[in-house]
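# Kindly return the folded structure for what I paste below:
(chains A, B and C)
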Amino acid sequence: MGMLENRFQDNVVVAKLDKLIGWARSTSPWYFQFGLACCAIEMMAAAASRHDLERLGMMPRSSPRQADVMIVAGTVTMKMSLRVKKLYEQMADPKYVIAMGSCATSGGPYWQHGYHVLKGVDIVVPVDVYVPGCPPRPEALIEGLLKLQEKILDERPLTRKMA
Amino acid sequence: MSADQEKLITELVEKGLAGDMDPINAIEDRVLRSKAKAALAKAKRAAKTATTAAPTEEKPATETIAETPPSDNPNKKFGKMIEDTFQGSLDAELNDTHIQLKPDNWFEIAKWLKSEPSLYFDSLQCHTGMDVGENMLEARYNLHSMTHDHKIEIRIAVSRDKANIPSIEQIWRIGDWFERETYDMFGIFFDGHRDHRRMLLPEDWEGYPLRKDYEVQETYHGIAIPKVKVGWE
Amino acid sequence: MGVIHGEEMVLNIGPQHPSTHGVLRLKVKTDGEIISEITPVIGYLHRCFEKHCENMTYDQVIPYTDRCDYLAAMANNFGYVVAVEELMELKVPEKVEYIRVIMAELQRIASHLLALGVYGLDIGAFTPFLFMLRDRERILDMFEMTCGARLLYNYMWVGGVSHDLPKGFVETAFQFLDYFEPQIEEYNNLLTYNKIFIERTADIGVLPADVAISYGVSGPNLRASGVKWDLRKNDTYSIYDKFEFDVCIGDGGQGTLGDCWDRYYVRMLEVKESVKILRQALAQMPKDGDVHQALPKKIRPPKGSIYSRTETPRGDLGFYIESDGSPIPTRVKMRSPAFTSLSVLGELAGGWMMSDVISILGSLDIVLGEIDR
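Numbering: from 1, shown residues only, chains lettered A, B, ... in the order given. Alright, predicted model coming up:
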């Protein structure tokens, strides 16, 4: 409450409900650690001592039902793509997806001859933020998460969108 | 585990092998019951091995007079020993790099390679499949002995239409997974394998990817496989 | 009171689960809490490495080998490059050999730290994980100083390495080793001799030596069962014969020989041996020399095939390469140590409880990227 204390007279604070909801949703998103391959190690390193993710409020959750953000870290193969879809559907709204690494973005180094590789996870789930890199540094992942926070802040969930 | 428990488990396993599962199911203690079931499964597997074991081969009657001086190269040396013990099993001339065998009595040869004291190849290091062209597929085995520290390579070539090789997964237990992977990638069938199914690709995948003429399928469960994003290249 | 007759339940430890091993699926048949049968199902990370090798030139394959065992990428590079150089009968300069050994041993320490930390994490100990990752970050800093990458390096090339050691590398390395040796004592206090850890891991998942050899298990898992087999000594490659170090085997210190605690302890001892090798290598390394070799742009090994193996933190990594004289290999088969380690899980886990299965799986130290390739 530090910034707001002792500033206003008896007053009514008016704000758009949209923005308030966006503000509440954006801070401390709990991420669903969907680590598949090498990017999972960088995700773990981002959560470990040096680049601490928990100071930003982001806690790793192992169950999709408790998570807000799904970080798809690593190559998605055909065999796994059906499970990715299922797990995405098990997450509760509002949910967001970050595609971490070039394999999740577009197939990565396996795009040419990979018969079993899904060329980008956005073929099965809708993606909000793409974090490029092979693997992206933990700092890059943190930037991706901050960009996601900005995106959630700008969302206006209540307003009816023009079709 | 105490001595009486071990004795009890041995009795139960015998009864189970004879087909009588009630004594095992009637045990109240869960740990003991599980251990008995695990031991029964093991014994059944071992029983299968005993029934498929081939009769021992005949020892060479007379000593073999080498026409050329004995070679130091292990592939040549052991290839000669295999030819002496199992006549007619070599498929090509002896050479420095590998031993080419026919698939017919590969199982007996493999058992002999593992049990013969001067050879004692107790470790199957690597199992590779190969598409050698001209409608032939090959399976290559790299064997190594931990005690004597020598190694050989054995190759068995089969044609694509009848790609059957005897399975050696009961001799070197890692053969189980190695052979499943070679089947998955090349389509070579291993006769006698107890669990013959695909290893890495999904069960309903079509085709054998590492063959040189492989065409990837268009979709898998409705998801497009080849590059669908335009404007990349 | 009557006995409650239960039925066997088939449980699925699904492909997504919170541990480093990767996307592994275990089909578990249980009778209550006790397991009767376990079947691993793999292939969720099959990225067609061998098909890529048949379409790329020999040095274009090196980044793909990195991504197979992503926890020990230098070791994979090393194995592949040693195989290709043996096929071509190429000698590399001495400085390159020293640099390769230094990088491989640093990678061994980093990989073992991660394996041990994550093993503790699986069991439930969070603090050793954070401490070990903190020290691993210092090693990754040294790698980043040399070649610019933290996890996947593409560092060892055929005939040399990609970048020379920067100025100040040797001093930084010595500083790190001086800082790191007392840390091993701290880890021993935290985890190795911790009573709860010993209860969870001793006498569990005993692997007899003959079963291990038949299943092709190698590396620390085999050495923990008492078999003194280390490729750096028994089948020497590169310049490992110039260094003095011991081969650590398990001795049943806290339970039976070949149990989970032994497999954990052998890795801890190997970290100490790696520090020894590093000190010798850093002292003996020649100061100047060229790290690239004059090789043609497209490497053409002679026609033939070769199977060569090296010792990675997980065991024997074997590469079977067949070449037909063209710049593109005909076949590259990677025989991964974690593949064989995982195949023995079915034997080890019968009769134990669910939480012991996690203990056994963690002690085998598998990486799915290597198993599925």
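# Get me the contact residues on chain A for chain B.
Within chain A, the residues that sit near chain B (C-beta under 8 Å from any C-beta of the partner chain) are A:78-79, A:81-82, A:106-107, A:111-112, A:115-116, A:118-120, A:123-124. Where C-beta positions appear, they are placed from N, C-alpha and C, glycine not excepted.
# Which pair of these spans the longest distance?
Spanning the widest gap among those are A:82 and A:112, at 23.6 Å by C-beta to C-beta.
# Could you list the low-confidence segments of chain A?
A:1, A:163 (pLDDT under 70).
# follow-up on the earlier one: identify those among the residues of chain A next to chain B that sit within strands.
The strands, defined by DSSP state E, take in nothing from the residues of chain A next to chain B.
# Please check those residues and keep the buried ones.
Burial by neighbour count, judged by 16 or more other C-beta atoms under 10 Å in any protein chain shown, picks out A:78-79, A:81, A:106-107, A:111-112, A:115-116, A:118-120, A:123-124 from the residues of chain A next to chain B.
# could I get these as TSV with distance to residue B:124?
As requested, these are exported to TSV (distance: C-beta to C-beta, whole Å):
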residue	distance to residue B:124
A:78	30
A:79	27
A:81	34
A:106	39
A:107	35
A:111	35
A:112	33
A:115	28
A:116	26
A:118	34
A:119	36
A:120	39
A:123	40
A:124	39
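# CA atoms of stretch C:117-134 as CSV?
Taking C-alpha atoms only, stretch C:117-134 is exported to CSV below (Å, rounded to 0.1, in the frame of the first residue of the first chain):
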residue,chain,number,x,y,z
GLY,C,117,20.9,-32.4,-7.2
VAL,C,118,17.9,-33.6,-9.1
TYR,C,119,18.0,-36.9,-7.4
GLY,C,120,17.8,-35.1,-4.1
LEU,C,121,14.9,-33.1,-5.5
ASP,C,122,13.0,-36.2,-6.5
ILE,C,123,13.4,-37.6,-3.0
GLY,C,124,12.3,-34.4,-1.5
ALA,C,125,15.4,-32.5,-0.6
PHE,C,126,15.2,-29.0,-2.1
THR,C,127,18.3,-27.4,-0.7
PRO,C,128,21.1,-29.5,-2.2
PHE,C,129,19.5,-28.9,-5.6
LEU,C,130,19.8,-25.2,-5.2
PHE,C,131,23.4,-25.4,-3.9
MET,C,132,24.5,-27.8,-6.7
LEU,C,133,22.9,-25.7,-9.4
ARG,C,134,24.7,-22.6,-8.0
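# Show me what the host helix or strand of residue C:359 is packed up against.
Here residue C:359, judged by DSSP states H and E, is contained in helix C:354-364. Counting contacts by 3 or more C-beta pairs under 8 Å, 6 or more residues apart in numbering or on different chains; DSSP states H and E, helix C:354-364 packs against strand C:25-31, strand C:34-41, helix C:94-123, helix C:195-201, helix C:260-284, helix C:337-343, helix C:345-348.
# which element follows it toward the C-terminus?
Next along from helix C:354-364, by DSSP H and E: helix C:368-372.
# what's the offset of that next one from the middle of its chain?
12 Å (C-alpha atoms, centre = their mean, to the nearest Å).
# Tell me which residues of the helix holding residue C:359 come out buried.
C:356-364.
# quick one on the thing from earlier: switch the buried ones among the residues of chain A next to chain B over to TSV, and while doing so, append distance to chain C to every line.
Converted to TSV, those look like this (distance: C-beta to the nearest C-beta, whole Å):
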residue	distance to chain C
A:78	9
A:79	5
A:81	10
A:106	14
A:107	10
A:111	10
A:112	7
A:115	6
A:116	5
A:118	11
A:119	12
A:120	14
A:123	16
A:124	14
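# who are the neighbours in contact with residue B:141?
Residue B:141 makes contact with B:124, B:126-127, B:153-156, B:168, according to C-beta atoms under 8 Å, 6 or more residues apart in numbering or on different chains.
# which parts of the stretch 1-150 of chain C sit against chain B?
C:3, C:5, C:31-37, C:42-43, C:46, C:48, C:50-51, C:54.
# follow-up on the earlier one: okay, among the buried residues of helix C:354-364, which ones form the most distant pair?
C:356 and C:364 (12.9 Å).
# This completes my enquiry, with thanks.
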